[in-house]
Structures are given as structure tokens and as C-alpha cells.
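S.K.: Fold the following.
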Amino acid sequence: MMGRFKRLFSVTGNDAAEGIAEDRPVGVRRLAAVRDTPILPLAGIEPEYCSYLLGVNSPLDVPLNGFETQVLAGVEGLLASEEAVCDALPRLPDVLPKLMKALRDERASWEEIAQVVGQDALLVAEVLRLANSPCFRVAAKITCLEQVVMQLGLVGLREVVITVSLKPIMKLEGGHYYQHVGRKIWPQALSAAVACRSLAQSLGGSRFEAYVAGLVHNVGMVLVVQTLQALSQGTEAPRSIQFRKRIQQSAKRLSCLVARQWELPAGSVAALQDQVEPTAGLVSSLGRILQHATHLSMLQSLVREGRVEDISPYLLSLPDSERRAGERALSEIEAHALGFE
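M.R.: Residues are numbered from 1 along each chain as shown. Here you go, the predicted model:
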């Protein structure tokens, strides 16, 4: 996979002749602004990704079918009732409310976080396993929470802990829609979180709030998949462009609603809200980071699946500083990819 991105980012002989410097991380080089290269908005990747996610190769410009109407009604019912959303989501670990409180508090010490994590032996084991995975790339094997802090810092510990806490909720298994749609949600959430972290470091912003926003930006799609699975008789399929557009927006609204219920950091919730309805038409800096990160993670998924061959038209649509940050974020996603399962 890394080889594929190396080819996509590689510098041609003409580029070298023009003096384009290779000042990017390994596998990521400066994109050549070739005169005849089309420029496509990065946000334009979202409809294509949603089609891929739903397993629809070519959505049709046709009226909603009965199945689509039922699914949309079910999702609207969730949006109208916070209790329904709570009941629909998988059960949160008992320790999570205390953990969320500690993670929200930037003044909380690693000992305070470790004390909460230590109440659940399985949580501790999963934290150590993830900390040692390629997703975080530690220098030496970690065997205790103190070593997590020593190698990854307090922010790194917070990232590992919240990732482990949310994985059981967002990694779906089961029937047809769980297998073909649900399995794609968790890897994309992780890649978006890594991209958010990278962009926050490049462009400025709270690394942890950005990471959390990326991690939960598609939790609403978990509820969509559950609705699809519950209403399916095994033969129906969403096929219309209208359904795709409406379900994309509804999933974003659900993600924002869930984030508020979980009392995630205020900056993370605001960034998620920006994806639904920018305040006065404006997007906050963290909201823009989340927007770019989710689209970059979608782009990476489509490249991996062979549905996108050339990423340059999308990255060339960004201002120089954001494009360079985007290249670094894609490189980070690739470097961490083995830890996304």
C-alpha cells in the first residue's frame, strides 16, 4: 500500500527539471502543478466514498425506493429522540463516564487517568496492546501505563485510552450490512483521527480535540448501519443519489448528537457541528482540520480500493500550506495503517 502512495506522489523527470524539492516525509513528495491537470475540490471525494461505503457502484438519479424511505424514517426517528440514540448504541463500558471526565480535563495527571483505566483489567490490556501497535509506533515495547506516558506523552496516553474505549462501539460485526458496510467504519475513523492529529500539529490547534473529533466523526454511520441491518430482508439495497445525500447529512447530525451525549471535549463537538451547519457560514479552524482530515481518510480508502488512481487533482485544490499539511497527513495515515484493524 505504501508503494502505491509512493508512486502517486513520485516526482517525474520533468518535475525534477523544474527544481521541485523532495522535502516531504518518506513516500510523500511535492505535487507537480501540471498545467493540464484538472483541479477537483477535496470535498468532492465524499459522495464517491459514501457510494463505496454503501456498496453502490453507480447510484441512480431515481426516486427513493421503499427500503430507502424506511431507513431514512428510522434515522430521522433517532435524530428526534436522544433516548432512542442511547438505546441504539452498543453499551458503553461502565468506566467510560469517569474516563471521559478525566480525559476532558486538561489538568488531569497521567496518574489520575491511569487510576480510572486501572479499574478495568481488560481496558488496561487493550491500552497496552494498542500503544505497542503500528498505530502509535513506540520506540520500545511498553508494559505499563507509565511507559505509555514516557514514550507517547500525556496527550498520547489520552489518545490511546479513548481509542480503546470507543473501538467496541464502532467496530461492527454481524449480518450483511455489518460485514459490507460496518467493517469499513472503524479503520476510516482511525485514519481520520491520525490525519486530524497530523493537521493540528501542522496547522495549529488542539491535538487531542482534533484527534477525538476525527475518531467519532462517523459514529453516526454506526447507527445508520444498524438501521439498514434491522430493516433489511436480505435483498434490498440503497441505490438512489437522493438517499446517499440525505444519509450523509443525517449521519453527521447523529455523530454530533452522540458526541454531545458522551460529553466529549467542547472543541471536538464544535468541529463536528461545523460539518453539519457552519455557524454563519463559517467553519472554525478545528472544523476545517476535521473537514480536511475526513476527506483525506476517504481519499486514502478509495486509493486502497483502486477507485481513485490520481490524488493530485484533489490536493492541488488546497492552498499551499494546507496542501503540504495534507501530504504529511496522508503519509501519517500510511505509516500507521497496520494498526487500524
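
S.K.: could you dump stretch 58-65 to PDB, C-alpha only?
M.R.: Backbone C-alpha positions of stretch 58-65 (Å, rounded to 0.1, in the frame of the first residue of the first chain) are rendered in PDB as follows:
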ATOM      1  CA  SER A  58     -23.300   3.800  -9.600                       C
ATOM      2  CA  PRO A  59     -26.100   5.500  -7.600                       C
ATOM      3  CA  LEU A  60     -29.000   6.400  -9.800                       C
ATOM      4  CA  ASP A  61     -31.000   9.700 -10.200                       C
ATOM      5  CA  VAL A  62     -34.300   8.000  -9.300                       C
ATOM      6  CA  PRO A  63     -36.900   8.400  -6.600                       C
ATOM      7  CA  LEU A  64     -36.400   6.800  -3.200                       C
ATOM      8  CA  ASN A  65     -37.500   3.100  -3.100                       C
END
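
S.K.: Report the residue spans of the stretch 51-200 of the chain with pLDDT below the cut-off.
M.R.: 90-95, 173-174 (pLDDT under 70).

S.K.: quick one: the strands in it?
M.R.: With DSSP state E, counting those that start in this stretch, there are no strands along the stretch 51-200 of the chain.

S.K.: can you map out the helices along it?
M.R.: Ranges of helices within the stretch 51-200 of the chain are 66-79, 82-88, 96-104, 110-117, 121-131, 145-170, 176-177, 183-203, based on DSSP state H, counting those that start in this stretch.

S.K.: Contacts for the first one, please.
M.R.: Looking back up the chat, that one is helix 66-79. The contact list for helix 66-79 (CB atoms under 8 Å, 6 or more residues apart in numbering) reads 64, 84-85, 88, 223-224, 227-228, 230-232, 236-240, 242-243, 246-247, 250-251, 253-254, 257. All C-beta atoms are positioned from the backbone trio N, CA, C, and that covers glycine.

S.K.: got it, and the fourth one?
M.R.: Among residues not part of helix 110-117, those counted as contacts by CB under 8 Å, 6+ apart are 95, 98-99, 102-103, 123-124, 127, 145-146, 149, 154, 157-158, 161.

S.K.: Now do the residue lying closest to residue 85 once chain neighbours are set aside against residue 215, distance only.
M.R.: Distances taken as CB to CB, 6 or more residues apart in numbering put residue 78 closest to residue 85, at 5.3 Å, once the chain neighbours are dropped. Using CB to CB, to the nearest Å, residue 78 is found at 20 Å from residue 215.

S.K.: Sort out for me which of the contacts of helix 66-79 are in helices.
M.R.: When DSSP state H is applied, the contacts of helix 66-79 are split such that 84-85, 88, 223-224, 227-228, 230-231, 242-243, 246-247, 250-251, 253-254, 257 fall in helices.
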